[in-house]
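**Student:** sequence and predicted structure below; questions after.
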Amino acid sequence: MVKSKSSSLKGLAQKYGLKPRKKFTAVHRLLKTKRKCSECGSNRFGREAVGIWTCRKCGFKIAGLAYDVKI
């Protein structure tokens, strides 16, 4: 019986090599981390599009980096 791990490398085969898979994992983890809204303090703050971050609770929008935002 094989245990299946929950990983952000789903869909990346061995043919891509270790370095690209590690870089993809680092970016994916950074993108999916929970963030707090600087206006209302809720944890529903996330990326709407590349460089556009919004709070789904209060509607606050801010422009930031593609995979991260500095508030």
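**Tutor:** Arrived safely, thanks for sending.
**Student:** quick check: buried residues in the one helix or strand G46 maps to?
**Tutor:** Taking DSSP states H and E as the criterion, G46 maps to strand 45-49. Within strand 45-49, the residues that count as buried by 16 or more other CB atoms under 10 Å are 45-47. The way it works is simple: take the backbone N, C-alpha and C, and place the C-beta from them, glycine included.
**Student:** in CSV, list those along with pLDDT and distance to K23.
**Tutor:** Shown next, in CSV, are those (pLDDT from 0 to 100; distance: CB to CB, whole Å):
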residue, pLDDT, distance to K23
F45, 91, 25
G46, 90, 22
R47, 90, 19
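**Student:** skipping adjacent residues, who's closest to R47 in space?
**Tutor:** Counting by CB to CB, 6 or more residues apart in numbering, the nearest residue to R47 once its immediate chain neighbours are dropped is W53, at 5.6 Å.
**Student:** checking the one you found next. Helix, strand or coil?
**Tutor:** strand (DSSP: H, G, I helix; E, B strand; the rest coil).
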